[in-house]
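Enquirer: Pasted the sequence and its predicted model underneath.
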Amino acid sequence: MAKVAREMVERAGVNVDELLELLIKNAAAELTTYYYYTILRANLIGLEGEGLKEIAEAARIEDRNHFEALVPRIYELGGQLPKDMKEFHDMSACPPAYLPEDPTDVKAILKVLVEAERCAVRGYTQICNMTYGKDHRTYDLALSILHEEIEHESWFSEFLGEGPSGHFMRTGETSPFVKKFLK
C-alpha cells in the first residue's frame, strides 16, 4: 500500500473507504462484463449480428483493461479484491449482462450491451465527482475509463437507432485513454 497516497487522499477530504468500495464494485463490474460480453459476442451471428461482433469485442477487451487498470489503485489506497470470485461477482456495481432469453435476438443483445455501458457511465461519473480536485490519480483513471465507456454506449445506442453520436469505431487501438495505466 502507498501509505502517503491514502493519507493525501484522506487529507483532501475523500472518504477513502467509500471510494474503495466504489472502485472495487466497479472493478467487479468490469471483470464480470468482460465475461458476459464473451457470451454475448459469441451469440452475435447471422447478417445482423456479424456486423456488431467487432464492436462488442472492442468493448469486451477494453472492459478487461479497465479491470486491470483499477486493481493497482485499489491496492495503493489500502484496499483489496475479495478472495472469493462469487462474492466479487455479486458485489458488482452493475447487474449481470446476461444473454437474453432468445439468443438470436440481436436487438435484445444490443439492449443488454447498451444498458451495461450506461451503468458503467453512471459509476465512473460518481467516482469522478467524488475525486475531482482531491484525488488526482483516481480522478484521472476514472475519467479515462469514463471516456471509453461513453464511446461504448454511443456505439451500441447508434445500432439501436437512438440517433447519431458523432463517435466512430476505433481501428487498431484499444483503450486509447486507459493505456497509460496499463504500463
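Expert: Arrived safely.
Enquirer: Give me the residues contacting stretch 112-128.
Expert: Stretch 112-128 is contacted by residues 19, 22-23, 25-26, 29-30, 33, 36-37, 40, 56, 59, 93-95, 97-100, 138-139, 142-143, 145-146, 149-150, 152-153, 156-157, 160 when judged by CB atoms under 8 Å, 6 or more residues apart in numbering. For glycine as for every other residue, the C-beta is placed from the backbone atoms N, C-alpha and C.
Enquirer: out of these, which are buried?
Expert: Among the contacts of stretch 112-128, those classed as buried by 16 or more other CB atoms under 10 Å are 19, 22-23, 25-26, 29-30, 33, 36-37, 40, 56, 59, 93-94, 97, 99-100, 138-139, 142-143, 145-146, 149-150, 152-153, 156-157.
Enquirer: Quick check: buried residues in the helix ranked longest in the chain?
Expert: Secondary structure of the chain per DSSP state H: the longest helix is helix 46-76. For helix 46-76, a neighbour-count test (16+ other CB under 10 Å) marks 49, 52, 55-56, 58-60, 62-71, 73-74, 76 as buried.
Enquirer: And it, how far out from the chain middle?
Expert: Using CA atoms, centre = their mean, to the nearest Å, the mean C-alpha position of helix 46-76 is found 8 Å from that of the whole chain.
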